[in-house]
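Below are the sequence and a predicted model; questions follow.
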Amino acid sequence: MKDNSRTTIKRITRSIFLSDEQPYSSLFNLYKNEFLNLSIQKGLINTENLALAGDGTPVATSARERKHRVCDCISKGITDCTCDRFFSQPDCDIGWDSSRDCFYHGYDLYMFVASDSDSDLPVFPLFGPASRHDSHGFLHAFFRMKSLLHDFKIDKIILDSAHDAMPFYEYFKQEGITPFIDLNEKRGIKVKYKDDFIIGKDGIPVCKAGRKMNRDGVEKRNTVSNSIVL
Ligand SMILES: [Zn+2]
């Protein structure tokens, strides 16, 4: 996530997304009335105290871009013209599937689920283009969810290392939401945090002797987590 994400969050928090103005309005209402509300009525999702988990997942729609010519160059024997093409899925593009180590054509489905429910029941799904990074998918989905499901109270949020960026922490602190976010190794957690320990690949502090440290309470004064070596 780039440094301008702080500005993006500030801008997007002021945005209001109205259901009727969304292209998926009728589909969303169908999902809300027939699925989400039933989960709530049955007590499977607690909207007063939500613990959400969010992540993006690849949805491949075709093996290649769906496009065809709208010109007659081919009849003139020109096969490599640069005329406009008709794209039948203009909201899809090409993205990277990190689980399968390959490119794909389609969507990125960003989904929020109730992580404290049975089977992680869905709360809010949103399709974006495949090229969209998860941290941006989060912004698009989260603030639409806040507008469209405005009476839901989010208490905790669980995200992977793609969301390990300071503006996220600042926003959640401001909103009183407790974040649980994997540390991103690429952001330099291997470097020394202090002179006496480093942060391991799994996010657990490692002491100078190379041993994993164990959690040993919290200092209330500055909310820094204390660790000891067993
Ligand atoms: Zn042409």
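Nice, I can see it.

got a pLDDT number for the residue positioned nearest the centre of the chain?
Nearest to the mean C-alpha position of the chain, by CA atoms, centre = their mean, lies residue 138 at 3.4 Å. pLDDT recorded at residue 138 is 94.

Report the secondary structure element holding it.
Per DSSP states H and E, residue 138 falls inside helix 134-148.

Packing partners of that helix?
Contacts defined by 3 or more CB pairs under 8 Å, 6 or more residues apart in numbering; DSSP states H and E place helix 134-148 against helix 5-13, strand 50-62, strand 102-114, strand 122-129. For every residue, glycine as well, the C-beta is placed using N, CA and C.

Measure how the helix or strand just after that helix sits relative to strand 50-62, angle-wise.
Per DSSP H and E, the first helix or strand lying C-terminal to helix 134-148 is strand 154-159. Between strand 154-159 and strand 50-62, the angle comes out at 40 degrees (axes from the mean of the first three to the mean of the last three CA atoms, to 10 degrees).

So which bits of strand 154-159 are buried?
Buried residues in strand 154-159, counted by 16 or more other CB atoms under 10 Å: 154, 156-159.

Next, format these as a markdown table and append pLDDT and distance to residue 128.
Compiled in a markdown table, the buried residues of strand 154-159 are given as follows (pLDDT from 0 to 100; distance: CB to CB, whole Å):
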| residue | pLDDT | distance to residue 128 |
| --- | --- | --- |
| 154 | 96 | 20 |
| 156 | 96 | 24 |
| 157 | 96 | 19 |
| 158 | 96 | 20 |
| 159 | 95 | 16 |
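
quick one: which of those is nearest residue 71?
Comparing the buried residues of strand 154-159 against residue 71 with CB to CB places residue 159 closest, at 45.6 Å.

Show me the beta-bridge partners of the closest one.
When bridges are called by DSSP bridges, residue 159 pairs up with residue 181.

Return the distance of it relative to residue 196.
Noted for residue 159: a distance of 29 Å to residue 196, by CB to CB, to the nearest Å.

Check residue 126 too.
Residue 126 is 43 Å from residue 196, where distance means CB to CB.

Which one's more surrounded, those two?
Between residue 126 and residue 196, counted using other CB atoms under 10 Å, the more crowded position is residue 126 (22 against 9).

where does residue 33 land in three-state SS?
helix (DSSP: H, G, I helix; E, B strand; the rest coil).

Mind listing residues that contact the helix holding residue 138?
Identification of contacts with helix 134-148 by CB atoms under 8 Å, 6 or more residues apart in numbering yields 1, 5, 8-9, 12-13, 15-19, 22, 28, 54-56, 108, 110-112, 123-126, 128, 132, 152, 159-160, 162-163, 165, 168.

Show me which residues of the protein are close to the ion?
With CB under 5 Å from the ion as the criterion, the chain comes near the ion at residues 71, 73, 81, 83.
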